[in-house]
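**Student:** output the structure for:
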Amino acid sequence: MMDLLLRRIVATGRCHWGDAALPLRQGGPRRGGFRWTMTSDGRQRLAIGADGPDVEGLPSSAPWYVDVRSGEAGPLDLGHAAAMIATPTERAAAVAGRGDRHAR
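**Tutor:** Numbers count the residues shown, from 1 in each chain. Below you'll find the model as predicted:
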């Protein structure tokens, strides 16, 4: 359902990423993966992403990428079933938050 929604939003020609002058356009599927990222307050967060300096992952039940340089957006192939993807990223954030409460 989320994949269909994102496709329709991009297809309107009015979906912009940040302050980009041109709207996003549909791109093909790209390989992606899981990685740990550091937040501004020093916490680690499990995130999804694709290779490239200007490519950002959009975590959802249907993970997508946005290539800021090319203006493309499309599905990420993480090599796992979509139902398995949201749960690990949500749990990782919850565990990190719970650990911080007990550390103080």
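
**Student:** helices of the protein, start to end?
**Tutor:** 2-11, 86-103 (DSSP state H).

**Student:** who does the first one touch, helix- and strand-wise?
**Tutor:** The elements that helix 2-11 packs onto, with contact taken as 3 or more CB pairs under 8 Å, 6 or more residues apart in numbering; DSSP states H and E, are strand 25-26, strand 72-77. (Glycine included, C-beta is placed from N, CA and C.)

**Student:** rerun that using 7 Å as the cut-off
**Tutor:** Counting contacts by 3 or more CB pairs under 7 Å, 6 or more residues apart in numbering; DSSP states H and E, helix 2-11 packs against strand 25-26.

**Student:** low-confidence stretches in the chain?
**Tutor:** For the chain, applying pLDDT under 70 flags the ranges 81-104.

**Student:** spatially central residue for it, please.
**Tutor:** L58 (1.9 Å; CA atoms, centre = their mean).

**Student:** so how far is G42 from that one?
**Tutor:** To G42, L58 is 24 Å away according to CB to CB, to the nearest Å.

**Student:** G32: neighbour count?
**Tutor:** By other CB atoms under 10 Å, 21 other residues sit near G32.

**Student:** repeat that for T39.
**Tutor:** Neighbour number of T39 under other CB under 10 Å is 11.
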